Every structure is written in structure tokens, then in C-alpha cells.
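Trainee: Provide a 3D model corresponding to the input given below.
(2 chains, ligands or ions: 2)
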Amino acid sequence: MSLWLNIKRVARYGLIGFIRNGFVSLAAISIMTLTLFVISGLMIFGSALNATLVQLTQKVDVKVYFTTNSTDAEITDVQKMLESLPEVASVSFMSRDDALAQFRERHKNDQLTIQALDELKDNPLGASLEVRAKQTSQYEAIAKFLSTQQSSGTIAGSSIDKVNFYQNKTAIDRLTNIIDTTRRLGTIVSIIMGLASLLIAFNTIRLAIYTSRDEIGVMNIVGASRWYVRGPFMITGILYGFVSGLIVLILLYPITLYISAPLQRFLGTFNAFAYYAGSFPIIFFVIMASGIALGALSSYLAVRRYLHT
Amino acid sequence: MIHYDKVTKVYNGGQHAVEDITLSIEPGEFVFIVGHSGAGKTTLLKMLFAEVIPTSGLVYFNSRSINDLSNSELLKMRRNIGTIFQDFRLLPTKTIYENIAFALEVAGKGDDDIKADVPHVLELVGLADKMWSFPLELSGGEQQRVAIARAIVNQPAVLIADEPTGNLDPINTHDVVEILKKINNLGTTVLLATHNRSIVDSVGKRVVTMDQGRLIRDDREGKYTL
Ligand SMILES: Nc1ncnc2c1ncn2[C@@H]1O[C@H](COP(=O)(O)OP(=O)(O)O)[C@@H](O)[C@H]1O
Ligand SMILES: [Mg+2]
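Mentor: Ligands and ions are numbered 1, 2, ... in the order given. Below you'll find the predicted structure:
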């Protein structure tokens, strides 16, 4: 008895079971399609959340203001030190002239301030460094580092006028909290929704196989081996997963296209369609693999209940 | 060939379905198992293909104790025992052809053998023209003949029939019994559980009578006596 022959027969019966039990297949595919939609929705949700949080994080920074008489060399020294810290993502420099230009721009409707500025001979603003940490929780460490430098009495350290972290500390802390909580909540919600939908799909397949329990008993008595009984049901389950996955992947195209604009108005940078198009290989893999694994595993477990050899 | 040695079956509920039965059946015999409903006939037969395991005692098939068989030996043995039941037990989503082919596939037959054997055995039970129908498109008598065809297509040593005529009218009952006699004449051992007096009396073969799990009579050329 050749293995290949058995595989061929099992595959054929799996396909026949899929086609002949049209109504059951339709029901199973509908539920599985919903499940896979939930999973793809969670992927989009997760990535949107992430993009939004990253964007929020980028709004936070620590500014180091230098005294007006600091030299470029001193500032470069501080910049080098900051860049060598593991917590620091980027450091950007703003010269005294740029700071003045920006100040003027910001106050261009405020006659009084501009007049006062014009009366000064010298530019009253110092140069500054804008420091971004990798995570919002790391700003405190960076600020501490800067204040130790400031009080250490080195030439570079004493050129620092002030660091604006402590004025913003509460705001940054609160933001850090919000980001952490949102991340955790998002993960929990995703896991619960994912598990719930997997369970529903699993039960649907179990119900579909429940209608075949007598048939499984007959196969047992005729002397069919476990794999010969189980195989066709698993093939049918895999076909459910495959067809549902295909439906979801195709429908995601118009859906992401349609929700992109309203979502973007709401969330800012995140573009659902760009995510679908850009991450298609990953989405394809996750959806297809979930569908096929779910179909095969559910069938395997469901048939096992009725096998008694 | 078949030997029950002091076999007792007590179900989980405490029901003594079979009580201390010792019974031998020779190759080629036709044996009726008779008794009222609940006498233990089905339990006795199920122990032969290991769907029920005895609480005590041993069942031998071809001098091997069924308890000692490995899983794959058990499957092999089941392919050497044909079974038919009151409720036919066909595969409803498979055609008549596929139902019978399934038993051959399970026994490891190649596609060419299957193409030859299925029409042949359907010819034998007079259903060659129903090959591409589904079971539910057939009458009860026809379904039972398909079940017989499936049971004998692997040319088993033993055919077990548990109330095969219980759902059939007298004419179909007669047809089924005639087919079983023919199969027996070709050399297959037949075990037939029934409480149908007329078929037992008309065939005139060995009759084993059970009552409340016990074997109370064993007559060489018996009549239905209860
Ligand atoms: N699976 C089971 N679990 C518990 N009791 C059972 C089971 N099968 C049969 N019985 C009991 O065992 C006795 C014999 O049943 P059975 O062998 O089916 O008799 P028969 O086939 O002669 O009608 C009956 O009393 C029945 O209720
Ligand atoms: Mg019975």
C-alpha cells in the first residue's frame, strides 16, 4: 500500500467533502472569514496605534540652552557627549541666529516684543541643542546627566545655561503613562479579541464535524486507520482556511482604501492602505497561516473525539 | 475459529450485559444469535471486533486473543470481518460506489482492483444500476444490500449481521436473508443476531439463544424457541 496513493485519496475525499457539504462549508467559511477579519483588523489597529504613539513620542524633547558667550567648540563638546549616551536617539543643533529668526517669526504679530528686541544691540538668545530620547521614560536620565555636567565645572559643562526638562517633567511623565497604558491595553484587547474569534471558529468546525460523527464511527468499524479517517476532514478544514484567507486578503484592498482617509484625519500620519500595500507579504502570511493552521488543527481535534481505535 | 472463553461484560452503569458465556464457532458455520431485546446479542457481537472490551474472559479470533492485538493488527482484523447493522451505517455523503470503494481503499487495494471489484459485488446484491446514487436516494432494503456488498467486498472470513432485517419489510427481509445464505454457501462464516422468528425457522441452521446475558440454548439445527 503506497503512501502516495493514500495521500491522493485523502486529498480527493477532503475536496469532495468540501464541495458536497456545501452548506456546512459555507457556514464554516463565513465564520472563519470573520475570524480572519478580526485578526487582520487587530494587525491594522496595532500598527496604527504604534504609529500614533511613535508620533506622540517625537513631540517630546529636552532642550539644552547655552549661554550667549559659549563657543562653537564647547557646544560641539556637549553634543558629542550627548550623542554617545545610549538613551539618546538624536541631537540637533540650533544656532543663535536661527533661534532669533524663529523667535521673530513666532512673535511677528506682537509689536511690543519686537520693538523691545530691536532696541537691544546684541542677540539675547543663546544657541541650543534639541535632544530626543529613544523612549520618553529616558528623558530624566538625560537631564540628570546634563545637570551633573553643568555643576562639574568643566568648560563645556559651564557653558550650559539651562535645561528645560524640569519645567516639562509632569507633562512628559503623564505622556509616558498614557503611552504605556495604551500599549498594554491594546495588547490585552488584541489577545482577548483574537482568542475569542479563534474559539468561535474552532467551535464552528467542531460543529461541522459533529454532523459527521456517525460517519467517523463507520469508518472505524470498516478498519480505516486514524489518518485515513482524519485526513480528509483536515484537508476540508485547510480548504476552509484557505478560501477564507483569500476572501479576507482580497476584501482588505477596497476596505483599507476606503477607511484610509477618515482614519488619517483622526490619527494623523497612519495610512491604512499604505500599510496594507507595504506590509502585504506579512499580512498574507499571517492571515493564510492562521486560517490554514486553524482549519487543520480544529479538524484534527474535533475528529479525535470520535476516533476510538 | 471464533471462541468466547467465559466472557462477561458489565457496563459502567452496572448492567450485566453478557454473563459468563463460552461459545465456539467453526469456519463456514451459519449461526443465529437469538433473544429478546436487551439479552446481550449486540454486546456479544461487538466484542468480536473490539468495539466492546470484555470485563472478564477472553475472545479469540483465529486462535489469537483479541485483547492482545496491537492497534494495526486490530485494524487488519476488522478488515477481515464484515459488519452489517440494523441502521445500515453507510457513509451518507459518499456515493454507493464510493461507499464500497472506501472499504477496499482501507484494505490497501489499488485503483484498478477497486474499479473491477465494486461493480462485481454490486452485481452480486443486484444493485449495479445504483452505483452513482447516494444512500438516502435508496430504499431501506437497497441500503442494506449496499451495506452487505461493502461488508463482503474484502472477502472477509466472518460476516457479522446485527438485526440486519430489523428495519425491513418481509420482502426485503427475505432478499437479505437469501443473500446472506448465498455468502455463507461461498464459504464465509455468518453470525446473525435477530429476534425475527420466521427467518430463523426458515433457514434451519444453528441457533444460540441468549436471555439476560446468559447462553441458555445452543441447537445444531434449531428453531426459535422463546
Ligand atoms: N453502552 C452501553 N452502556 C451501558 N449499558 C449498555 C450499553 N449497551 C448495552 N447496554 C445494556 O446491556 C444490555 C444488553 O444490551 P445489548 O447487547 O444491546 O442487547 P441486545 O442487542 O440483545 O438487545 C441491555 O440491558 C442494555 O441496556
Ligand atoms: Mg442489539
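Trainee: Which helix or strand contains B:Tyr60?
Mentor: strand B:56-61 (DSSP states H and E).
Trainee: Next: B:Lys9.
Mentor: strand B:2-10.
Trainee: Can you name the residues bridging to the closest residue to B:His3 other than its chain neighbours?
Mentor: Closest residue to B:His3 apart from its sequence neighbours, by Cβ to Cβ, 6 or more residues apart in numbering or on different chains: B:Tyr60 at 4.2 Å. C-beta: built from backbone N, CA, C; applies to glycine. Residues in a beta bridge with B:Tyr60, per DSSP bridges, are B:His3, B:Ser65.
Trainee: residue contacts, B:Tyr60?
Mentor: Under the criterion of Cβ atoms under 8 Å, 6 or more residues apart in numbering or on different chains, the neighbours of B:Tyr60 are B:Ile2, B:His3, B:Tyr4, B:Asp5, B:Ile66.
Trainee: Tell me if I'm right that the first one and B:Gly28 touch.
Mentor: By that I understand B:Ile2. No: checked against Cβ atoms under 8 Å, the pair B:Ile2 and B:Gly28 is beyond contact range at 11.7 Å.
Trainee: Of those two, give the one with the bigger neighbour count.
Mentor: B:Ile2 (22 against 14; other Cβ atoms under 10 Å in any protein chain shown).
Trainee: Look up the pLDDT of the more buried one for me, please.
Mentor: Here, the pLDDT recorded for B:Ile2 equals 95.
Trainee: could you measure it against ligand 1, distance?
Mentor: According to Cβ to the nearest ligand atom, to the nearest Å, B:Ile2 stands 17 Å off from ligand 1.
Trainee: Leaving aside the residues adjacent along the chain, what's closest to that residue?
Mentor: B:Ile25 (4.2 Å).
Trainee: I figured that neighbour hits B:Met1, correct?
Mentor: Yes: B:Ile25 is within contact range of B:Met1, at 6.2 Å (criterion: Cβ under 8 Å).
Trainee: Neighbour count for the two, which is higher?
Mentor: Higher neighbour count among B:Ile25 and B:Met1: B:Ile25, with 19 against 15, using other Cβ under 10 Å.
Trainee: next helix or strand past the helix or strand of chain A with the lowest mean pLDDT?
Mentor: Least confident element among the helices and strands of chain A, by mean pLDDT, DSSP states H and E: helix A:155-158 (a mean of 76). Remark: after helix A:155-158, the chain's next helix or strand is strand A:160-163, criterion DSSP H and E.
Trainee: and the residue nearest the centre of chain B, what element?
Mentor: Computing the C-alpha centroid of chain B and ranking residues by Cα atoms, centre = their mean puts B:Ile160 first, at 1.5 Å. Per DSSP H and E: B:Ile160 is located in strand B:158-162.
Trainee: returning to that earlier point: which residues are common contacts for B:Ile2 and B:Gly28?
Mentor: In contact with both B:Ile2 and B:Gly28: B:Thr189, using Cβ under 8 Å, 6+ apart.
Trainee: Can you spell out which helices and strands pack onto the longest helix along chain B?
Mentor: Secondary structure of chain B per DSSP state H: the longest helix is helix B:170-185. Helices and strands touching helix B:170-185, by 3 or more Cβ pairs under 8 Å, 6 or more residues apart in numbering or on different chains; DSSP states H and E, are strand B:30-34, helix B:140-152, strand B:158-162, strand B:189-194, helix B:197-203.
Trainee: Can you show me the CA trace of the least confident helix or strand of chain A as CSV?
Mentor: What follows is helix A:155-158, C-alpha atoms only, in CSV (Å, rounded to 0.1, in the frame of the first residue of the first chain):
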residue,chain,number,x,y,z
ILE,A,155,34.4,74.4,30.5
ALA,A,156,31.9,72.6,28.3
GLY,A,157,29.6,72.0,31.3
SER,A,158,29.6,75.6,32.5
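Trainee: which helices and strands does it pack with?
Mentor: helix A:72-83, helix A:139-152.
Trainee: one step back: quick one: closest of the helices and strands packed on helix B:170-185 to A:Val62.
Mentor: helix B:140-152 (81.7 Å; Cβ to Cβ).
Trainee: where along chain A do the strands fall?
Mentor: Remark: strands assigned in chain A by DSSP state E are A:62-66, A:88-94, A:128-133, A:160-163.
Trainee: quick one: strands adjacent to the longest one?
Mentor: Based on DSSP bridges, the strands next to strand A:88-94 in the sheet, each with its direction, are strand A:128-133 (antiparallel).
Trainee: I'd like to know how many residues surround residue 208.
Mentor: In the absence of a named chain, chain A is used. Count around A:Ala208 with other Cβ under 10 Å applied: 24.
Trainee: my question was about chain B
Mentor: Neighbour number of B:Val208 under other Cβ under 10 Å is 22.
Trainee: Can you spell out which helices and strands pack onto the strand or helix carrying it?
Mentor: Per DSSP H and E, B:Val208 falls inside strand B:206-211. The contact analysis (3+ Cβ pairs under 8 Å, 6+ apart) places strand B:206-211 against strand B:30-34, strand B:214-219.
Trainee: The longest helix of chain B: which residues count as buried?
Mentor: B:Asn172, B:Thr173, B:His174, B:Asp175, B:Val176, B:Val177, B:Ile179, B:Leu180, B:Ile183, B:Asn184 (16 or more other Cβ atoms under 10 Å in any protein chain shown).
Trainee: Give me the contact list for it.
Mentor: With Cβ under 8 Å, 6+ apart, helix B:170-185 has contacts from B:28, B:30, B:124-125, B:139-141, B:144-145, B:148, B:152, B:159, B:161, B:164-165, B:168, B:190, B:192, B:196, B:199, B:202-203.
Trainee: about what we covered before: any chance of the buried residues of helix B:170-185 in JSON lines with pLDDT as columns?
Mentor: Conversion of these to JSON lines gives the following (pLDDT from 0 to 100):
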{"residue": "B:Asn172", "pLDDT": "92"}
{"residue": "B:Thr173", "pLDDT": "93"}
{"residue": "B:His174", "pLDDT": "92"}
{"residue": "B:Asp175", "pLDDT": "91"}
{"residue": "B:Val176", "pLDDT": "93"}
{"residue": "B:Val177", "pLDDT": "93"}
{"residue": "B:Ile179", "pLDDT": "93"}
{"residue": "B:Leu180", "pLDDT": "94"}
{"residue": "B:Ile183", "pLDDT": "93"}
{"residue": "B:Asn184", "pLDDT": "95"}
